[in-house]
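Peer 1: Kindly return the folded structure for what I paste below:
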Amino acid sequence: MIDDEGNQLGIMAPFEALKIARERTLDLVEVSPTAQPPVCRIMDYGKYLYEQEKRERAAKKNQHQIVVKEVKFRINVDDHDYDTMAAPLRVLGPIFGRFTGTAYHEPSAVDARRRILAFFGEHLRS
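Peer 2: Below is the predicted model:
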């Protein structure tokens, strides 16, 4: 049994611990139910939950959110449109390309696919 100030009160019957907690207008919380004997603590449980939620909010505020930017290109996109679409991508780290359908299989699309990859290769390095 641990009181609200962190002092050990020793081993006692549950009704005695509950009586002490009620006298101090606090809650009796079972901290470690699997220990022999079980460990209980006298505390203001509502205040404990509030402080825990406050710590979680502060930790969440300091987290860095990862933003994934995505731009879709087609085969028949002009060079000026590449510049316009790629402007927000200059801040990014990794770039992923996916070519599907005609952009992948038709021989006439191979040149357009190479042009897109070359554009990113030269423009995003600067």
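Peer 1: Show me the domain layout of this protein.
Peer 2: If you go by automatic domain parsing, the domain ranges for the chain are 14-61, 79-123.
Peer 1: And stretch 1-10, what's buried?
Peer 2: Using 16 or more other CB atoms under 10 Å as the test for burial, stretch 1-10 gives 1-3. C-betas here are computed from N, CA, C, even on glycine.
Peer 1: and if you look at stretch 42-49?
Peer 2: Here stretch 42-49 shows 42-43 as buried, counting by 16+ other CB under 10 Å.
Peer 1: and if you look at stretch 23-32?
Peer 2: Buried, per 16+ other CB under 10 Å, within stretch 23-32: 26-28.
Peer 1: Ok, stretch 10-19 next?
Peer 2: Residues Ala17 are the ones in stretch 10-19 that count as buried (16+ other CB under 10 Å).
Peer 1: What ranges in this structure fall below the confidence cut-off?
Peer 2: Along the chain, segments meeting pLDDT under 70 span 67-77, 79, 82, 86-109, 112, 122-126.
Peer 1: Break down this protein into its strands, ranges please.
Peer 2: Shown for the chain, the strands assigned by DSSP state E span residues 27-32, 39-43.
Peer 1: Quick check: bridge partners of Gln8?
Peer 2: Gln8 has the following beta-bridge partners by DSSP bridges: Ile2.
Peer 1: I'd say it and Cys40 touch.
Peer 2: No. Between Gln8 and Cys40 there is no contact under CB atoms under 8 Å: 11.2 Å.
Peer 1: Which stretches in the chain count as helices?
Peer 2: Using DSSP state H, the helices assigned to the chain run over residues 14-23, 45-61, 79-86, 102-105, 107-123.
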